[in-house]
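**Q** Here is the input, now give the coordinates:
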Amino acid sequence: MFRTLGCCALGIALAGCAAGNAPPPPAPAPAGSTATHSGSAQSASARASALAEAQFQIAEAIAARSQGNYALAYQLLKKYAEEGDAVAEVNLGYLYAHGQGVAQDQNEAVRLYRLSADQGNTEAMNAIGFKFDTAPGAARDTVKAAQWFRKAIAGGNVMAMNNLADFYNVGVPGAPQDKAAAIGLWRKAAEKGDIAAMTNLGGALLYGPQSLRNPEEGIKWLRLAASKNNPAAIDDIGSLYEHGTIVPKDYGQAMIWYRRGAAAGYATSFERIGFLYFNGLGVPQDYAIALKYFRAAADRGDTEAVLAVGIALTKGQGVPANPVEGVKWVRRAADKGTAVAQFDLGADYASGYGVAKDPVEAVKWYRLAANQGEPHAMAKLGQALFFGTGTPQNQSEALTWFHAAAAKGNALAETFLANAYDKGDGVAADPVEAAKWYHLAAAQGDVIAEFNLGVLYRMGRGVAKDPAKALKWYRRAADQGNANALFAVGLAYH
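**A** Okay, the predicted model is just below:
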């Protein structure tokens, strides 16, 4: 979802300036004093002129910042911030927060935000909330962030509506999960013309809880945001056509929308075009072209594309195989916290592919991915713990990870659980439980599970004895080249 700090738009600048820095009314002139009355009128006119000049210069400063002219922005904003202008204060705070035209100083940024907020500037209130939300580690305080977002919302700030909606969408301290409240805030901001809110609202109405979905309205908001050239909305419409779950599947239309997103520089659109070429969806399969799009997306910060480049390099898809270089790309994605990349990197260390074999390092990356809920990593971490590979043996913890992975349908974990219950390895033997897990894994084509399930049916262990079903599962395993299964099938016909 789109989180927003400040737009620094001219309209907002003028509105904030008027709210926070309106000149005091002229003092009443003494009765019968025409000269004094004339002087007051001239004074009021001078103040109005000064205010208009201040508004113009602050607008110039905001424009300068958006164009990268931070020196000019700092010079103008500092002047008016020192005079107490609320809009100048919050925008000068942005410069300090980002180290633009001045040494980065988060404390000074917050001080300026508070000065501006004290004058009622809602953009500054939102900025303070944003600082509490994005503070590193334990310093993050979503309770205080939500409080400031609510203050800004009371003044009609749409950026804060977006941010508090994001809190409600995921659920954080200070804003427990409430999808309906999130949708309500996004709708309120969208109706005020906020493009990011339109995109978020569209996505929520399309993919949120079933009871809150309204696909027709969701598509309407996405199309409205796309008509205003919001690249995320443009990309989302392309995704609707690619997957065909809400609109008829049309890879040609998907490509048209993705190309619009890419033309706007949207990294995800480059990545999606790459996958269309990689899988040959609506276009001839072309790994080399796909890799170009993956690289373009990676250059724009898309971590999934970084991983895709790494996989292409390690497997030689579109380029000659280069495992060493490929693993470097996989590590880049893993370092960014991408769970699948962390699992892949763990597998590379476990096998010694592209890096020196290192079971300890493999376990480290498996655990990082497993802690994010990646099922393959959960299963592999369980396997390492079960046998004590790269980590002290701990069958109890291993079984915990197997159960977690199996709950997500991982066949390897299901097979390990079946073996454990079948042999009483780390748990009390339970043939019925073993048969249950073998069935689940075999249904996914796990060859070991297929063979062992055949054994259970042949012996009548955990299931009713059934030679025909035994042969069926032996055949499935044999079709995958399992030597023991091939031998069992041969014996059945001997």
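**Q** C-alpha from now on. contacts and neighbour counts both.
**A** Noted.
**Q** okay, and the helix or strand of the protein with the least pLDDT?
**A** Of all helical and strand segments in the chain, the minimum by mean pLDDT, DSSP states H and E falls on helix 10-21, at a mean of 32.
**Q** what's the offset of the next helix or strand after that helix from the middle of its chain?
**A** Counting by DSSP states H and E, the next helix or strand C-terminal to helix 10-21 is helix 34-66. Centroid displacement of helix 34-66 relative to its chain, using CA atoms, centre = their mean, to the nearest Å, is 45 Å.
**Q** Show me what counts as buried in helix 34-66.
**A** By 16 or more other CA atoms under 10 Å, the buried positions in helix 34-66 come out as 37, 40, 44, 47, 51, 54-55, 57-65.
**Q** For it, which helices and strands make contact with it?
**A** Helices and strands touching helix 34-66, by 3 or more CA pairs under 8 Å, 6 or more residues apart in numbering; DSSP states H and E, are helix 10-21, helix 70-82, helix 86-98.
**Q** The second one versus helix 34-66: what angle between them?
**A** So that's helix 70-82. 140 degrees (axes from the mean of the first three to the mean of the last three CA atoms, to 10 degrees).
**Q** Please identify which helix or strand holds the closest residue to Lys469 other than its chain neighbours.
**A** Spatial nearest neighbour of Lys469, chain neighbours left out: Tyr457 (6.4 Å); criterion: CA to CA, 6 or more residues apart in numbering. Assessed by DSSP H and E, Tyr457 sits inside helix 447-459.
**Q** Look up phi and psi at Thr389.
**A** phi -100, psi 110 (degrees, to the nearest 10).
**Q** And for it, the neighbour number?
**A** Thr389 is flanked by 16 other residues according to other CA atoms under 10 Å.
**Q** and what of Asn69?
**A** 15.
**Q** go on, Leu307?
**A** 28.
**Q** Let me see the contact set for it.
**A** Shown in contact with Leu307 (CA atoms under 8 Å, 6 or more residues apart in numbering): Trp329, Val330, Arg332, Ala333, Ala341.
**Q** now these as JSON lines including secondary structure and neighbour count?
**A** Listed next are the contacts of Leu307 as JSON lines, based on DSSP: H, G, I helix; E, B strand; the rest coil; neighbours: other CA atoms under 10 Å:
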{"residue": "Trp329", "secondary structure": "helix", "neighbour count": "26"}
{"residue": "Val330", "secondary structure": "helix", "neighbour count": "29"}
{"residue": "Arg332", "secondary structure": "helix", "neighbour count": "18"}
{"residue": "Ala333", "secondary structure": "helix", "neighbour count": "27"}
{"residue": "Ala341", "secondary structure": "helix", "neighbour count": "29"}
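**Q** which one of these is nearest Arg223?
**A** Checking the contacts of Leu307 against Arg223 by CA to CA gives Ala333 as the nearest, at 31.7 Å.
**Q** how much space is there between that closest one and Val355?
**A** Separation of Ala333 from Val355 (CA to CA, to the nearest Å): 16 Å.
**Q** cool, and Asp235?
**A** 36 Å.
**Q** ok, these two, which is more surrounded?
**A** Ranked by neighbour count (other CA under 10 Å), Asp235 and Val355 place Asp235 first, with 27 against 16.
**Q** From one end of stretch 332-345 to the other, what's the distance?
**A** By CA to CA, one end of stretch 332-345 lies 10 Å from the other end.
**Q** hmm, back to that, identify, from the buried residues of helix 34-66, the entry nearest to Ala73.
**A** Ala61 (4.2 Å).
**Q** so what's the closest one closest to, chain neighbours aside?
**A** Leaving aside its chain neighbours, Ala61 sits nearest to Ala73 (4.2 Å; criterion: CA to CA, 6+ apart).
**Q** Now render the contacts of Leu307 as TSV, adding distance to Thr400 and pLDDT.
**A** Below are the contacts of Leu307 laid out as TSV (distance: CA to CA, whole Å; pLDDT from 0 to 100):
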residue	distance to Thr400	pLDDT
Trp329	31	97
Val330	28	97
Arg332	30	96
Ala333	27	97
Ala341	23	97
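**Q** Output those residues as a markdown table; include the columns distance to Ala470.
**A** Formatted as a markdown table, the contacts of Leu307 follow (distance: CA to CA, whole Å):
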| residue | distance to Ala470 |
| --- | --- |
| Trp329 | 46 |
| Val330 | 42 |
| Arg332 | 47 |
| Ala333 | 45 |
| Ala341 | 39 |
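**Q** which one among those gets closest to Arg260?
**A** Nearest to Arg260, judged by CA to CA, of those is Ala333 at 25.8 Å.
**Q** so which strand or helix has Ala321?
**A** Ala321 belongs to no helix or strand, assigned by DSSP H and E.
**Q** my guess is it meets Gly310, correct?
**A** No. Between Ala321 and Gly310 there is no contact under CA atoms under 8 Å: 10.3 Å.
**Q** Just want to know which of these two has more residues nearby.
**A** Counted by other CA under 10 Å, Ala321 and Gly310 do not tie: Gly310 has more neighbours, with 29 against 15.
**Q** The helix or strand encompassing that one: how far from the chain's middle?
**A** Element membership of Gly310, judged by DSSP H and E, is helix 303-315. Relative to the mean C-alpha coordinate of its chain, helix 303-315 is positioned 18 Å out (CA atoms, centre = their mean).
**Q** go on, stretch 226-237?
**A** Distance of stretch 226-237 from its chain centroid, counting by CA atoms, centre = their mean, is 17 Å.
**Q** Just the buried positions in it, please.
**A** Result for stretch 226-237 [16+ other CA under 10 Å]: buried residues Ala226, Asn230, Pro231, Ala232, Ala233, Ile234, Asp235, Asp236, Ile237.
**Q** And the fourth one, which helix or strand is it part of?
**A** Yep, that's Ala232 we're talking about. helix 231-243.
**Q** pull the CA atoms of that helix into PDB?
**A** C-alpha atoms of helix 231-243 as PDB (Å, rounded to 0.1, in the frame of the first residue of the first chain):
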ATOM      1  CA  PRO A 231       1.800   3.700 -12.400                       C
ATOM      2  CA  ALA A 232       0.700   1.300  -9.600                       C
ATOM      3  CA  ALA A 233      -2.900   1.500 -10.800                       C
ATOM      4  CA  ILE A 234      -1.800   1.000 -14.400                       C
ATOM      5  CA  ASP A 235       0.200  -2.000 -13.400                       C
ATOM      6  CA  ASP A 236      -2.700  -3.400 -11.300                       C
ATOM      7  CA  ILE A 237      -5.000  -3.300 -14.300                       C
ATOM      8  CA  GLY A 238      -2.400  -5.200 -16.300                       C
ATOM      9  CA  SER A 239      -2.300  -7.800 -13.600                       C
ATOM     10  CA  LEU A 240      -6.100  -8.200 -13.700                       C
ATOM     11  CA  TYR A 241      -5.800  -9.000 -17.400                       C
ATOM     12  CA  GLU A 242      -2.800 -11.300 -16.900                       C
ATOM     13  CA  HIS A 243      -4.500 -13.500 -14.300                       C
END
